[in-house]
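> attaching a predicted model along with its sequence, questions to come.
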Amino acid sequence: MSTASAAQPNSFRTGPDEHGRFGIFGGRFVAETLMPLILEVEKAYAAAKADPTFADEMEYYRAHYIGRPSPLYFAERLTRELGGAKIYMKRDELNHTGSHKINNCVGQILLARRMGKTRIIAETGAGQHGVATATVCALFNLPCTVYMGATDIARQQPNVFRMKLLGAEVVPVHSGTATLKDAMNEALRDWVANVENTFYIIGTAAGPHPYPTMVRDFQSVIGVETREQILAAEGRLPDTLVACIGGGSNAIGLFHPFLDDREVEIIGVEAGGDGVETGRHAASLTGGRPGVLHGNRTYLLQNDDGQIIDAHSISAGLDYPGIGPEHSWLHEMKRVKYVSATDQEALDAFQMLARIEGIIPALEPAHALGYVRKLAPTRAREQIIIMNLCGRGDKDIFAVAERLGTKL
Amino acid sequence: MSTRIEKRFGELRAAGRGGLVVFVTAGDPTYEVSREILLGLPKSGADLIEIGMPFTDPMADGPAIQASSLRALKSGQNMKKTLQLVREFRAKDAATPIVLMGYYNPIYSYGVDRFLADAGKAGVDGLIIVDLPPEEDEELCLPAMKAGLNFIRLATPTTDDIRLPTVLNNTSGFVYYVSIMGITGTRSASDADIAAAVGRLKRHTDLPIAVGFGISTPERAAAVARVADAAVVGSAVVNRIAAALDANGVPTPHAASSALDLVKSLAAGVRAARA
Ligand SMILES: Cc1ncc(COP(=O)(O)O)c(C=O)c1O
């Protein structure tokens, strides 16, 4: 259906075009009620981007509140254990609130304030974006409503309690599969009803233009720091970058500053669930095709009739039937390679990192590690792999204990 | 050549009354009951019919229409069957305009050109696609116009005077005014707000104005039909269908007639509105 004339562009970093498209992907597929606001967000974001005081504010909160830059850590024991390429980890799990999600939330809430919005809504899957949103809302004293699928509420209890402690209202969503996509539907319904005063902080690099671009820009701090840090540590760029993909925000944040360094191999790891061949997975690029959902055209898990198919993953943060539009484009351009890791591979990697490096990762980046475990031994010792350790695993210990048959 | 939609609004104008537009979801609760309802709509007083194309993720719809979409999908409805339903209707009724309403993905998945060809052949008159604003006109709106189908746009309270011309450009058939900010079947707007909005739209366009969202009783429908060219009722009819299912979700024998009874009372309200 999508004609992938893979004529390579001069640069992979110039998108989107003025219609918010990356090739055929992206766009603004939203109800008319939202359209004026979407255009307003686009204008306000362009103005903020051009305003040095916005950059200064971002820099202030990054340094003093989030705790950036996050370290780029050489995982020496893991490297030895796997017996191949050198493995570095970008430690975004050390950020305040425990994941990369806060990078984006600080940016969006500063924008919401500039626009004079007085109420914040968000969707969340694993709860990390919900916690990060509730956190910045507490900081800036704005009321916050977080939509979360009832299934996810059950498997991410610690984050639900965190959000409540931070003063947010958590609204359980029972429609559909009661996971991330349904939470996003519900957040959009709220937004349609409350456009005048409400700003929707979308948690991943998806949704209508300008969200995919805005979220990418806010998350690109990951890749910008990584570039400087690896040059300082090794005097050269890495051979390979690896990141997990739910909607694709931590991945695009790491990847984007490297897209035009053609010698750097870039790999996105989708959630393979029980295995892509079983049909029970969340690998939109590997197992889906282009369609339109949640404001953008992108690869989606869907049946022959264009109905959205439920995603399946042990990780609530990856359990989404779509992916950000820029990834769909990078996939068709073949600039980024997309693979998948299964639930079991992620669980194994989760435990391995805890024992070997003393780091309990979130289940989401455990998927990236699941792939790195297979990749590193096949690569020469001089090679450098950097993976995005974009979240810590505190939120997951109950779900993992259950999978391992341990009662807490 | 004027379309069925233009003709119907011409007739309504000549009769000096507002019209009743009824929304039902194709295949809700089953194909058979849905067909029975559709075939009964014209003589129950529906002047135009909107047929919802079911979608798993209807982002702009409230719980009633979400549920109806899922019921239809569960009973096996798909785009082919929706077009089949229109074909069966058209074989019995050559005059009542049919507008397909829904979201873009099932059409995109079916293939835009193939969809427009098949919809035209089946007897579809117009399209309302919730998630295709004017910014995305090249996707479906322009090809639909070329194929001779009306592309009916939604205008909302957030569509200000600056944006209105953008929304009205490439709109044909009628304009659907969404009278509230929000999803279907949840709130309703005041008569004064609706009258003001219709007046504002009329200053920008000669197209008929249908007003929907939150209209559930004959009284509300009558009030709207007094100031607008038509009143659209969706969730209330769909709720009637839901209420006529047994505990297992199986339609009881009066599912169709109970929905049609509601339509009759709504039609009576609309017809008496300007009397
Ligand atoms: C730690 C962590 N990593 C990754 C993700 C997936 O999102 P994205 O692909 O946008 O980075 C989530 C989402 O909840 C998360 O919590």
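Thanks, I have the structure now. Numbers count the residues shown, from 1 in each chain, chains lettered A, B, ... in the order given.
> first-to-last residue distance for stretch B:12-32?
Stretch B:12-32 has an end-to-end distance of 30 Å (CA to CA, to the nearest Å).
> in the stretch 1-150 of chain B, which residue sits closest to chain A?
Per CB to the nearest CB, B:Ser109 is where the stretch 1-150 of chain B lies closest to chain A, at 2.8 Å. Any C-beta I mention is one placed from the backbone N, CA and C, and that applies to glycine too.
> count of neighbours near the nearest residue to that residue once chain neighbours are set aside?
Residue nearest to B:Ser109 in three dimensions, not counting chain neighbours: A:Gly306, with 2.8 Å by CB to CB, 6 or more residues apart in numbering or on different chains. Look at A:Gly306: counted by other CB atoms under 10 Å in any protein chain shown, it has 24 neighbours.
> likewise the one 10 residues further on?
By other CB under 10 Å, 30 other residues sit near A:Ala316.
> that one in helix, strand or coil?
The assignment at A:Ala316 comes out as coil when based on DSSP: H, G, I helix; E, B strand; the rest coil.
> which ones are touching A:Ile109?
Contacts for A:Ile109 (CB atoms under 8 Å, 6 or more residues apart in numbering or on different chains) come out as A:120, A:133, A:136-137, A:139-140, A:142, A:199, A:201.
> quick one: which of these sit in helices?
Among the contacts of A:Ile109, the members falling in helices (DSSP state H) are A:133, A:136-137, A:139-140.
> how about CSV for those, with distance to B:Asp118 and pLDDT added?
Formatted as CSV, those follow (distance: CB to CB, whole Å; pLDDT from 0 to 100):
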residue, distance to B:Asp118, pLDDT
A:Thr133, 44, 98
A:Val136, 49, 98
A:Cys137, 48, 98
A:Leu139, 54, 98
A:Phe140, 52, 98
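> which one (most neighbours) among the residues you listed?
Using other CB under 10 Å as the neighbour test, these are led by A:Thr133, with 32 neighbours.
> surely that residue touches A:Cys105?
Yes: under the criterion of CB atoms under 8 Å, A:Thr133 makes contact with A:Cys105 at 5.2 Å.
> which residues are common contacts for the two?
Joint contacts of A:Thr133 and A:Cys105 (CB under 8 Å, 6+ apart) are A:201, A:203.
> my read is that A:Arg216 contacts A:Thr204, right?
No: counting by CB under 8 Å, A:Arg216 stays clear of A:Thr204, with 9.9 Å between them.
> count of residues packed around B:Ala268?
B:Ala268 - counted by other CB under 10 Å - has 15 other residues nearby.
> what helix or strand is it on?
helix B:255-272 (DSSP states H and E).
> find the residue at the geometric middle of the chain.
In the absence of a named chain, this looks at chain A. When CA atoms, centre = their mean is applied to chain A, the residue found nearest the centroid is A:Ser249 (3.1 Å).
> wait, I meant chain B there
A centroid search over chain B (CA atoms, centre = their mean) returns B:Glu50, at 3.0 Å, as the residue closest to the centre.
> in three-state terms, label that one for me.
Secondary structure state of B:Glu50, per three-state DSSP, is strand.
> how much space between A:Ile359 and B:Pro42?
Computed as CB to CB, to the nearest Å, the A:Ile359 to B:Pro42 distance reads 68 Å.
> one more: A:Met35?
Counting by CB to CB, the gap from A:Met35 to B:Pro42 is 34 Å.
> more neighbours: which of these two?
Taking other CB under 10 Å, A:Met35 and B:Pro42 do not tie; A:Met35 has more neighbours (23 against 18).
> just the pLDDT for the more buried one.
On pLDDT, A:Met35 comes in at 95.
> give the contact list for it.
Taking CB under 8 Å, 6+ apart as the test, what A:Met35 contacts is A:28, B:133-135, B:158-159, B:163.
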